[in-house]
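> Here is my input, please return the structure:
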Amino acid sequence: MTAADTVIHAPGASARGNFRRAAGIALGPLAGLAVWFSPIAPDPVISHALAITVFMVAWWIFEPVEHGITGLIGCYLFWALGVVKFETAFSGFADNSPWFLFGAVLMGEAAAKSGIAARIGRIGMSVAGASYGGLLLAVIMLVLLLNFVVPSGMAQLAILAPMVMGIVNAFGVEKGSRIGRGLFVILTYSCGLFNKMILAGGATVLARGLVERITGQAIPWSTYFIAYLPAILVTVAASWLVVIWLYPPERRRIPEGGAAGKLAARKPWTAAEKKTALVLVVAIILWATDFAHHIDPAVVALGAGLVLVLPGIGVLTVKDVRGVNFLLTVFLGTALSMGTVLIQTGALNVLTGAMVSWMTPWLGGTLWGPSVLYWAGFFYHFLLGSELSMLSTSLPVMIGFSHAHALNPMAIAMVLAFASGGKLFVYQSSVLVQGLSYGYFDSRDMFKVGLALSVIEGVVLFVLVPLYWPIVGISWTAPH
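All right, here's what the predicted structure looks like:
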């Protein structure tokens, strides 16, 4: 029995899990039916779209069945009940994110099978040392640094996952151990967090673009970076402390003998390692230089994954590919489909209108306004499986609101983009689904870490905007 088995199948945990699943089985359909027949909007299509969405989100949260199955049921209902046409109900599969995920998973499988993951882990340990605390900090810092050269969170995760797999292997513990869960969950979460504090990821670039297109006001890279520099420093420390607190390691240092000793021993490169390393290096170079060639990161990931399956060139067999959890790719496609359905039916307009109406009395004050917007964006993100969908549907509304109420649209956009980094559930981001696919943590781990860091980020923002931003020239109200 592994450490993961001990955690998952302990009697108390099993009883809680059974109750949670039973509650979810009942709550999802009941909540959906209640919304279906409610007078939320004059157009019944909007009510029906929201009803199926409520059902999907409830089952994703309580997990009575696997995430991918829930997503397929929801997309099927969108189509079968006439809410939208088939091509809209399953539109997420035409998005590049699910295929980026599939390619990244194949890359991870090849890294583990070839042995290059263990070798990369050894290289990381030679720099960071053999202590759990030092390696944990190194992982967090590497994610931060990669944001300056690789703007995609999924690409960052694909690059660093083999190293972390090697580190876990060096400790001689199982995937479900506290060491494995802690390292992988913070790697995954931080790949979708630091790029909200730097103009590097898709969410912040979209926010900047919308502000400039609607208002003509540009957000300089340096201004954005300086504005969130204190938050970056706090986030590095907070991420380290949260993982140490939630996942105290079984071993504080990598043991000198046993499996770790074999890992540490210098061995010649095998043919499989060389081929896998070549593919990974080419992928990293293409990701880091996309400003020059503009090749989509998803094209690189899927291409690399497929190369690693080619006979005579790759290291994966058909059996290896069949062993991949395809339902995670399906899950991501259905989560994106749900967002598209909400947009095309107009259901999202109803939600954003309701959000703005209750926020209006609170947003004007410099002290409370930023925090209210942060938490409103945080909860609004529950409805969408994409940060880009969350921002593209809410930010134009909030920019218009800022004009009508004498607020600074740049500050509004920066806070809402920052809010898109806080997440509790894996369906909220393709990066989280990708991290889950490696099998080192589960949705409960993501919830705990996400809740702790989202609260910390909310506290940081509460202090940052009214006290620090005016010093660097960013006001909450419209500049005169």
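
> Spatially nearest residue to residue 135, not counting backbone neighbours?
Setting aside the residues directly before and after it, residue 135 is nearest to residue 128 in space (C-beta to C-beta, 6 or more residues apart in numbering), at 4.9 Å. Every C-beta, even on glycine, is put in place using the N, C-alpha and C of the backbone.

> give the contact list for that neighbour.
The neighbourhood of residue 128, defined by C-beta atoms under 8 Å, 6 or more residues apart in numbering, consists of 134-135, 137-138.

> any idea which of those has the most stuff around it?
Per-residue neighbour counts (other C-beta atoms under 10 Å) across the contacts of residue 128 peak at residue 135, which has 27 neighbours.

> Would you agree that one falls within a helix?
Yes: assessed by DSSP: H, G, I helix; E, B strand; the rest coil, residue 135 belongs to a helix.

> And it, how far from residue 352?
Relative to residue 352, residue 135 is positioned 43 Å away (criterion: C-beta to C-beta, to the nearest Å).

> residues touching the nearest residue to residue 367 once chain neighbours are set aside, list them.
Counting by C-beta to C-beta, 6+ apart, the nearest residue to residue 367 once its immediate chain neighbours are dropped is residue 466, at 5.3 Å. Listed by C-beta under 8 Å, 6+ apart, the contact partners of residue 466 are 366-367, 370, 476.

> Just name the closest of the residues you listed to residue 194, please.
The shortest gap between residue 194 and any of those belongs to residue 370, at 19.7 Å (C-beta to C-beta).

> where's that closest one relative to residue 269, distance?
From residue 370 to residue 269 the distance is 52 Å (C-beta to C-beta).

> who has more neighbours, those two?
residue 370 (27 against 12).

> doesn't the more buried one fall inside a strand?
No: read with three-state DSSP, residue 370 is helix and lies in no strand.

> Return the residues in contact with it.
Applying C-beta under 8 Å, 6+ apart, one finds that residue 370 lies in contact with 411, 415, 461-462, 465-466, 476.

> switch the cut-off to 7 Å
Contact criterion C-beta atoms under 7 Å, 6 or more residues apart in numbering gives 415, 461, 465, 476 as the residues in contact with residue 370.

> can you check residue 204 too?
Taking C-beta under 7 Å, 6+ apart as the definition of contact, the neighbours of residue 204 are 195-196, 198, 417.

> if you go through the stretch 101-250 of the chain in chain order, where are the helices?
When secondary structure is read from DSSP state H, counting those that start in this stretch, the stretch 101-250 of the chain shows helices at 116-128, 132-146, 153-171, 178-191, 202-215, 221-246.

> Of those helices, which is nearest residue 401?
With C-beta to C-beta as the criterion, residue 401 lies closest to helix 202-215 of these, at 11.8 Å.

> which residues touch the helix or strand hosting residue 433?
When elements are defined using DSSP states H and E, residue 433 is found to belong to helix 430-437. Residues outside helix 430-437 that contact it (C-beta under 7 Å, 6+ apart): 97, 101, 104-105, 153-154, 157, 184, 187-188, 191-192, 325, 328, 331-332, 423, 426, 446.

> now that helix: how far from the chain's centre is it?
In terms of C-alpha atoms, centre = their mean, to the nearest Å, the gap separating the centre of helix 430-437 from the centre of its chain is 7 Å.

> Equivalent analysis for stretch 47-59, please.
In terms of C-alpha atoms, centre = their mean, the gap separating the centre of stretch 47-59 from the centre of its chain is 21 Å.

> swap in stretch 236-250?
On the basis of C-alpha atoms, centre = their mean, stretch 236-250 sits 19 Å off its chain's mean C-alpha point.

> what residues does that stretch touch?
Defining contact as C-beta under 7 Å, 6+ apart, one finds that stretch 236-250 is touched by 132-133, 136-137, 140-141, 144, 173, 177-179, 181-182, 186, 190, 448-449, 452-453, 456.

> How about residue 182: what's its closest non-neighbour residue?
Across the structure, with C-beta to C-beta, 6+ apart as the measure, the residue nearest residue 182 apart from its sequence neighbours is residue 247 (3.2 Å).

> Equivalent analysis for residue 252, please.
residue 132 (5.4 Å).

> cool, residue 141 as well?
Taking C-beta to C-beta, 6+ apart, and ignoring the residues beside it in sequence, residue 141 has residue 236 as its nearest neighbour in space, at 6.9 Å.

> how close does the one you found get to residue 242?
On the measure of C-beta to C-beta, residue 236 and residue 242 end up 11 Å apart.

> So which of these two has more stuff around it?
Remark: of residue 236 and residue 242, residue 242 carries more neighbours, 21 against 17, as counted by other C-beta under 10 Å.

> Tell me the buried residues in the host helix or strand of residue 51?
Element membership for residue 51 (DSSP H and E) is helix 44-62. When neighbours are counted by 16 or more other C-beta atoms under 10 Å, the buried residues of helix 44-62 are found to be 45-62.

> next one: stretch 35-43
Under 16+ other C-beta under 10 Å, the buried positions of stretch 35-43 are 35-36, 40-41.

> Contacts only, for residue 275.
The contact partners of residue 275, by C-beta under 7 Å, 6+ apart, come to 313-315.

> When you filter those down to buried only, what's left?
Burial of these was assessed by neighbour count (16+ other C-beta under 10 Å); the buried members are 314-315.

> and the gap between residue 365 and residue 476?
Taken as C-beta to C-beta, the spacing of residue 365 relative to residue 476 amounts to 8 Å.

> residues touching residue 462, list them.
By C-beta under 7 Å, 6+ apart, the residues touching residue 462 are residue 371.

> and if you look at residue 366?
466, 476.

> let's have the chain start at 412 instead
OK, 412 is where the count begins now, so the last one is residue 777.

> Need the phi and psi values for it.
The phi and psi values for residue 777, taken as degrees, to the nearest 10, are phi -70, psi -30.

> before we move on, the earlier item: quick check: angle from the helix holding residue 844 to helix 589-602?
An angle of 160 degrees separates the directions of helix 841-848 and helix 589-602 when computed by axes from the mean of the first three to the mean of the last three C-alpha atoms, to 10 degrees.

> So, low pLDDT: which residues of this protein?
Across the chain, residues meeting the criterion (pLDDT under 70) sit at 412-428, 431, 532-533, 535-536, 560, 562, 667-677, 796, 891.

> domain assignment for it?
Following automatic domain parsing, the chain resolves into domains at 412-500, 508-730.

> how about the helix or strand where residue 754 lies: buried residues?
Assignment of secondary structure by DSSP H and E places residue 754 within helix 737-756. With burial defined by 16+ other C-beta under 10 Å, the residues of helix 737-756 counted as buried are 738-756.

> Residues in contact with that helix: which ones?
Identification of contacts with helix 737-756 by C-beta under 7 Å, 6+ apart yields 456-457, 460, 464, 467, 477-480, 482-483, 485-486, 489, 494-495, 499-504, 506, 508-509, 512-513, 759, 794-797, 800, 804, 838, 841, 844, 847-848.

> That helix vs helix 455-473, what angle?
Computed by the same axes, to 10 degrees, the angle between helix 737-756 and helix 455-473 is 150 degrees.
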